[in-house]
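> Sequence and predicted structure, then a few things I'm wondering about:
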Amino acid sequence: MGLRERKKQRTRDALIDAALDLFLTRGYEATTIDQIAAEVEVSPRTFFRYFASKEDVALSLTADEQRMLLAELVSRPESESPFTALCQAMRSLLKMLREADDAETGRYLRCQKVVHSTPALLAGTMRLIKENERRLVAEVARRLGADPCDLQPQFIVAVFVSVALACFDERTQDPAILARRLEDLLTLAERSLCPGWDLPVRSATAQPATAAG
């Protein structure tokens, strides 16, 4: 990133850190946008250049993860089957999580604590996941040459999302533990599912031709 982009990223990170600290000390409902901006010594107008609302800043890391997952999926080779591409996209995110520095890890842990202690944010997290799920379905459908309304791309993404969600619970928030658990679940799913289950029906069910006579 250039100097201007790095400065913007630092301001964004500072707003997230200030918001998370205030949510943990004062409570999500009791914290105001003015207070968050004041902690970073910027105006509320500057806050709104980065975030649309208090919920937006609280869920910013989740929204970033969902965007990165989709971007990683889009970048996967076309030769990969849809479920393999989804798993490899998730593994790219896990690699980022494992390589995070102390500041990023601390930010992630504080965010998880805030979200899991705030019902409105838990609901917001699920909304973001469902919104991105539709985008994942559209990309999987494109890879299959199918319509996003068809059952197969919806089923493939539903299986993937179910595997991913099975990894998370409010008792285990350590990113290293979550990364190992999710990798184990992805490996288990890949080993358990029938080969070709996520390919277009014409490819998965086609039988090799036999010689006449």
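Now that the structure is in, tell me what you want to look at.

> Point me to the helix or strand that includes Glu183.
Using DSSP states H and E, Glu183 falls within helix 175-192.

> Just the buried residues of that helix, please?
175, 178-179, 181-183, 185-186, 189 (16 or more other C-beta atoms under 10 Å). Where you see a C-beta, it was placed from the backbone N, CA and C, and this is true even at glycine.

> With stretch 51-70 instead?
51, 54-55, 57-63, 65-66, 69-70.

> which residues sit against it?
By C-beta atoms under 8 Å, 6 or more residues apart in numbering, the surrounding residues in contact with stretch 51-70 are 12, 15-16, 19-20, 23, 28, 31-33, 36, 47, 50, 89-90, 92-93, 96, 107-108, 111, 114-115, 118, 120-121, 124-125, 128-129, 131-132, 135-136, 139.

> where in this protein is pLDDT low?
1, 168-173, 202-213 (pLDDT under 70).

> Tell me how the chain divides into domains.
1-53, 59-194 (automatic domain parsing).

> one step back: any chance of CSV for the buried residues of stretch 51-70, columns distance to Leu151 and secondary structure?
As requested, the buried residues of stretch 51-70 are arranged in CSV below (distance: C-beta to C-beta, whole Å; DSSP: H, G, I helix; E, B strand; the rest coil):
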residue, distance to Leu151, secondary structure
Phe51, 37, coil
Lys54, 38, helix
Glu55, 33, helix
Val57, 37, helix
Ala58, 35, helix
Leu59, 30, coil
Ser60, 34, helix
Leu61, 32, helix
Thr62, 28, helix
Ala63, 28, helix
Glu65, 27, helix
Gln66, 23, helix
Leu69, 22, helix
Leu70, 21, helix
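
> Out of the residues you listed, which is nearest to Asp102?
Looking at the buried residues of stretch 51-70 and their distance to Asp102, the nearest is Leu61, at 15.6 Å (C-beta to C-beta).

> do you know how far the closest one is from Arg110?
10 Å (C-beta to C-beta, to the nearest Å).

> what do you get for Leu121?
Distance from Leu121 to Arg110, by C-beta to C-beta: 12 Å.

> which SS class is Glu80?
Three-state call for Glu80 (DSSP: H, G, I helix; E, B strand; the rest coil): coil.

> check contacts around it.
Contacts of Glu80 (C-beta under 8 Å, 6+ apart): Gln88.

> Can you pull the phi and psi angles for it?
phi -80, psi 140 (degrees, to the nearest 10).

> what do you get for Leu199?
According to degrees, to the nearest 10, Leu199 has phi -90, psi 160.

> The nearest residue to it once chain neighbours are set aside: how many residues sit nearby?
Counting by C-beta to C-beta, 6 or more residues apart in numbering, Leu199 lies nearest to Ser81, which is 5.7 Å off, once chain neighbours are set aside. By other C-beta atoms under 10 Å, the residues close to Ser81 number 20.

> Ser81: what's it in contact with?
196, 198-199.

> ok, so of these, who is nearest Ser43?
The shortest gap between Ser43 and any of these belongs to Asp198, at 49.6 Å (C-beta to C-beta).

> ends of stretch 33-53, how far apart?
8 Å (C-alpha to C-alpha, to the nearest Å).

> pretty sure Gln88 belongs to a helix, no?
Yes. The assignment for Gln88 by three-state DSSP puts it in a helix.
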